[in-house]
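K.L.:
all I have is the shape, not the residue letters:
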């Protein structure tokens, strides 16, 4: 084999980029007794808060081969967990005590129809009395892992 052939055979291996590994994690924790439509709705609402409050979680805009532009999305995976009401309450307490960026969804929000009423519904209930059905949290991997301790990956 000539040295030219050897160099050409090795060139693609040298251009392969290493996988991206994130020091942070985005996790969504859902209460296990939610209906499928509620799980989807809650997840969408929860993650929408992270992108606006923590801009570094959002990547660059997309474009297809024809140049059609698309909105940016999170730059890293979102892990979805589920757990009992007690698991959610404990996770919420841990997220608050660690001061991690978080968003929440309470059962009261299923009966409101807009952002103003959603905020009023949350504001009307003390922290310890919130009927949590969903929580999203962002932060260092080990911190987020501690927050969702006791939850299981969503099936």
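P.N.:
Received the coordinates, thanks. Please read all numbers here as calculations on a predicted model, not as lab measurements. Residues are numbered from 1 along each chain as shown.
K.L.:
show me what counts as buried in stretch 123-136.
P.N.:
Across stretch 123-136, burial judged by 16 or more other C-beta atoms under 10 Å covers 130, 132-136. The way it works is simple: take the backbone N, C-alpha and C, and place the C-beta from them, glycine included.
K.L.:
likewise for stretch 73-91?
P.N.:
Neighbour counts using 16+ other C-beta under 10 Å place 76, 78-83, 87-91 of stretch 73-91 among the buried residues.
K.L.:
format those as CSV; extra columns: secondary structure.
P.N.:
Shown next, in CSV, are the buried residues of stretch 73-91 (DSSP: H, G, I helix; E, B strand; the rest coil):
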residue, secondary structure
76, coil
78, strand
79, strand
80, strand
81, strand
82, strand
83, strand
87, helix
88, helix
89, helix
90, helix
91, helix
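K.L.:
low-confidence regions, the protein specifically.
P.N.:
Flagging of the chain using pLDDT under 70 yields the residue ranges 1-15.
K.L.:
just the closest of the buried residues of stretch 123-136 to residue 66, please.
P.N.:
Closest to residue 66 out of the buried residues of stretch 123-136 is residue 136 (33.7 Å), distances taken as C-beta to C-beta.
K.L.:
what about the closest one, distance to residue 70?
P.N.:
22 Å (C-beta to C-beta, to the nearest Å).
K.L.:
now for the buried residues of stretch 73-91: which two are most distant?
P.N.:
Maximum distance among these (C-beta to C-beta): 26.6 Å, for 76 and 89.
K.L.:
so which of the buried residues of stretch 123-136 sit within helices?
P.N.:
Using DSSP state H, the subset of the buried residues of stretch 123-136 located in helices is empty.
K.L.:
for the lengthiest helix in the chain, packing partners?
P.N.:
The longest helix of the chain (DSSP H) is helix 36-53. Packed against helix 36-53 by the contact rule (3 or more C-beta pairs under 8 Å, 6 or more residues apart in numbering; DSSP states H and E) you find strand 24-31, strand 102-106, strand 132-140.
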